[in-house]
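**Student:** coordinates only, sequence not included:
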C-alpha cells in the first residue's frame, strides 16, 4: 500500500523582486539621497584588494536601501497631506 502526503503550505512566500520606481530618479531630493552611498564607497575605488564586483553589489544594496527609505518617507508625507 502506497501513501502520498501532500503539504499545500510548504513553501513560504519571500519578498518579491525589487524594481526602482520610475518617479524616484526624477526627484532631485532622491538623487542627492542616492549619491551619498555612492560617494561613501569612492574610497575603495583604487584599492586593489577590493573585488570590483563585490563593490558594485555593495553600492547597489546601499542604493536600494536608501531608495526604499526615501520612497517610504515620501509616501508617509503624501498620506499626511491627504489626511490634513
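**Tutor:** Looks like it arrived, so ask away. Everything numeric in this text was worked out from a predicted model, so none of it was measured.

**Student:** I'd like to know how many residues surround residue 30.
**Tutor:** Neighbours of residue 30 under the rule other CB atoms under 10 Å: 19. Just so you know, the C-beta spots here come from the backbone N, C-alpha and C atoms, and that holds for glycine as well.

**Student:** Show the pLDDT at it.
**Tutor:** What the model reports as pLDDT for residue 30 is 73.

**Student:** how about it, secondary structure?
**Tutor:** Assigned by DSSP: H, G, I helix; E, B strand; the rest coil, the conformation of residue 30 is helix.

**Student:** contacting residues around it?
**Tutor:** Residues in contact with residue 30 (CB atoms under 8 Å, 6 or more residues apart in numbering) are 24, 67, 70, 74.

**Student:** give me that answer again for 6 Å
**Tutor:** Residues near residue 30 by CB atoms under 6 Å, 6 or more residues apart in numbering: 24, 70.

**Student:** Could you check how far it is from residue 78?
**Tutor:** 14 Å (CB to CB, to the nearest Å).

**Student:** same check, this time on residue 13
**Tutor:** Distance from residue 13 to residue 78, by CB to CB: 27 Å.

**Student:** before we move on, could you check phi and psi at residue 50?
**Tutor:** Main-chain dihedrals, residue 50, degrees, to the nearest 10: phi -90, psi 130.

**Student:** hang on, it packs against residue 43?
**Tutor:** No. With contacts counted by CB atoms under 6 Å, residue 50 stays clear of residue 43, the gap being 9.7 Å.

**Student:** More neighbours: those two, which one.
**Tutor:** Looking at residue 50 and residue 43 with other CB under 10 Å, you find the greater number of neighbours at residue 50, namely 14 against 9.

**Student:** That one - nearest residue in space that isn't next to it in sequence?
**Tutor:** In this structure, residue 50 finds its nearest non-sequential neighbour in residue 44, 4.7 Å apart by CB to CB, 6 or more residues apart in numbering.

**Student:** What number of neighbouring residues does that neighbour come out with?
**Tutor:** Neighbours of residue 44 (other CB under 10 Å): 15.
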